[in-house]
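K.L.:
any chance you could fold what I've pasted below:
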Amino acid sequence: MSETHPVIVIGAGPIGLAAAAHLLERDQDVRVLEAGATVGAAMAQWGHIKLFSTWRYNIDAAARRLLEANSDGYSGGWETPRETRLPTGADMISDYLEPLAAHPALAPRISFGHRVVGVTRVAPDGAGVDKTRSAGRDQTLFLVRTETAAGTKDLFARAVIDASGTWSGPNPVGRSGIEAIGEVRAREAGFITSPLPDPLGSELERFAGKTVLVLGAGHSAANTLISLGKLRQQHPGTTVLWGLRGTANPIRLYGGGAADELPARGQLGTSLRRFVENGDITILENVAVTSLEADTRLTVELAYGDSLTVDLVVPATGFRPDLSFLSELRLDMDHIVEAPKELGPLIDPEFHSCGTVTAHGERVLAHPDPNFYIVGMKSYGRAPTFLMATGYEQVRSIAAALAGDRAAADLVRLELPETGVCSTDLGGSCDLPTTDDSAPDCATSVTETPAASCCGAPEPVTIGFATGTLHGHNDLFAHQKS
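P.N.:
Below is the predicted model:
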C-alpha cells in the first residue's frame, strides 16, 4: 500500500527541490509542498545578498542533469550560470530554482500555498497512530496536514523529507535564548527588522538617518553592518551600533581576511574592520538585552542597569528549527544543537566550523520513525555551520535509501576545495553571504584537493566516507578545528 503513495518533501528551496530531483532520477513518486507562493520564498527575503561560494558549488548534480536533459522532447533553454560568479539570493531563484521548478517533470509535483501544520502516522485502515502507539508502526503511512487557501487538507505519504529551513525561526533578541520583555510588542511595532534587511536598497528610507543597533557576531551581522557603514557615508546622520554579547576579540570579529580560502568571505571581514576603524561603526561590548520598551523610539534595557535608545534593532542572532508540527513523530534529537542526534556532535559550533563538518547521509539523519528525515539548514538545528553542498549530499543519500539502493546511500561523498582558514570567526552559514560588490570570485584561489572547506561541491566526487565512520567523531578534520 505504501508504495502507491508519494514521498512528500516539505519546502521548495534549493535542498527541497534537489531532493525532488534525486527522487525523480530514481523513479520515485514525489510531491513538494511549499508554504510560500513561489520557489525559494525564504531566499527571496534576502535576495540582495551575495553568497560566498560561486555557482559551481550551489547547483545540485541531479538538478543540473534534469535541467540539461532533453527529456520527452523538452528543452527549457536553461543556460548554466558562469561557474566562477558569486550569485545573489535573487540570482539563485531566477537562474536556477525557477527554471528547475518549471521543468515539466517537476512542475506538476509542486504545490504552492501549502503550509504544513502537522505530521503524524495513520494505519492502513485509517486508524490514527499517535506517538504512543508502537504496534505495527512500521507499516503505517504518514499523514501530512496542510493549511491552504482552500482550507485544511490531509495528504498521505510513504516517506517525508522536511526541508523547510529555519528562516521563519530567528533567535530572540533577549538574553539566554528567550525573548526580552516587550520583544513581541517591539517587533509588531516595526522596531525589530528582518535578520538580513536591505538598507542600501528597498529599505533605504527606513534606515537612513536612524540609530540602528545590530546584534550578533556572525556573517549576517557583518553583511548588515557593512551595508550600514556604506549608508552612513552617504547619510552621515545615521548611527550604527554593533552590539556584542561578549567582549570584542578582533580575530574572531573579522575572520581570516586575505588568508581565508573563500576570498569573498575574507573580504567581508576586511571591509567590516575598515568601517569600525574609520568610526562608521561603534562596537558595544557585553550587550545582554533584558527588555524593550516601544514608544516613538525603542528603549533597549541591558543587564547591569545600562540602556540604549535606538530607532531599529537588527536581530542577526541566528536561527532555530520549528519542530512544533513534528510533535507526534518519534524523533531522536540532540538536545543541545536541536539536530538529529547522530549529527549533533558533528556540527556543534563550540567545536566545529563549516570546514570541519564531514559529509553525512541517510543513516546519520534517520529517526526512530522510519522514512522521516530533516534535511538542509533545518537539520543543523541551531548550528550555523551548514553549507549547501552538504545538504545536496544529504538528499542524494536519502533518495538512494528510499529507492532501496543501500550501498549508494551509505557511501556519502563530497568534493571540497583546499582550505586556508576556516573557523567560526564571523560564524554563520558557510554559503551565506556577502554584500561587498568588490569581493573576488571564490574560484580565484581554490584548488581541487581532498580537504575541508566552506565552499563544497556535491559532484564530482573526490572524498568518500562510509557513514559508519561518522558516528561521534571527526578525526579527519581535527587539524581544522577553531
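K.L.:
quick one: pLDDT of the spatially closest residue to residue 282 that is not a sequence neighbour?
P.N.:
Closest residue in space to residue 282, ignoring its immediate chain neighbours: residue 241 at 5.4 Å, by Cβ to Cβ, 6 or more residues apart in numbering. From N, CA and C alone the C-beta is placed, and that goes for glycine too. The score at residue 241 is 98. That number is its pLDDT.
K.L.:
how distant is the helix or strand encompassing residue 241 from the center of its chain?
P.N.:
When secondary structure is defined by DSSP states H and E, residue 241 falls within strand 239-243. In terms of Cα atoms, centre = their mean, to the nearest Å, the centre of strand 239-243 is set 26 Å apart from its chain centre.
K.L.:
what's the answer for stretch 228-237, then?
P.N.:
Mean C-alpha position of stretch 228-237 versus that of the full chain (Cα atoms, centre = their mean) differs by 29 Å.
K.L.:
do the same with stretch 145-155
P.N.:
With Cα atoms, centre = their mean, you get 26 Å for stretch 145-155.
K.L.:
residues of that stretch that come out buried?
P.N.:
146, 155 (16 or more other Cβ atoms under 10 Å).
K.L.:
contacts for that stretch, please.
P.N.:
With contact meaning Cβ atoms under 8 Å, 6 or more residues apart in numbering, stretch 145-155 is reached by 8, 31, 33, 113-120, 143-144.
K.L.:
span of that stretch from start to end?
P.N.:
6 Å (Cα to Cα, to the nearest Å).
K.L.:
need the contact list for the residue nearest the centre of the chain.
P.N.:
Residue closest to the average C-alpha location in the chain (Cα atoms, centre = their mean): residue 377, at 3.7 Å. Residues counted as contacts of residue 377 (Cβ under 8 Å, 6+ apart) are 15, 165, 166, 167, 319, 386, 391, 429.
K.L.:
now the fourth one. Nearest residue, chain neighbours left out?
P.N.:
Just to be clear, that refers to residue 167. Per Cβ to Cβ, 6+ apart, closest to residue 167 is residue 42, 3.8 Å.
K.L.:
what about the one you found, neighbour count?
P.N.:
Around residue 42 sit 18 other residues, with neighbours defined as other Cβ atoms under 10 Å.
K.L.:
residue 232 looks like it's in a strand, true?
P.N.:
No: for residue 232, which was evaluated using DSSP: H, G, I helix; E, B strand; the rest coil, the result is helix, with no strand membership.
K.L.:
ok, it - contacts?
P.N.:
Residue 232 makes contact with 238, 239, 240, 280, 281 under the criterion Cβ under 8 Å, 6+ apart.
K.L.:
how close does the fourth one sit to residue 228?
P.N.:
Counting by Cβ to Cβ, to the nearest Å, the gap from residue 280 to residue 228 is 8 Å.
K.L.:
again, but for the third one
P.N.:
When distance is defined by Cβ to Cβ, residue 240 is 4 Å away from residue 228.
K.L.:
cool, and the first one?
P.N.:
Applying Cβ to Cβ, the value for residue 238 to residue 228 is 7 Å.
K.L.:
now do the shared contacts for those two.
P.N.:
Common neighbours of residue 238 and residue 228 (criterion: Cβ under 8 Å, 6+ apart): 207, 212.
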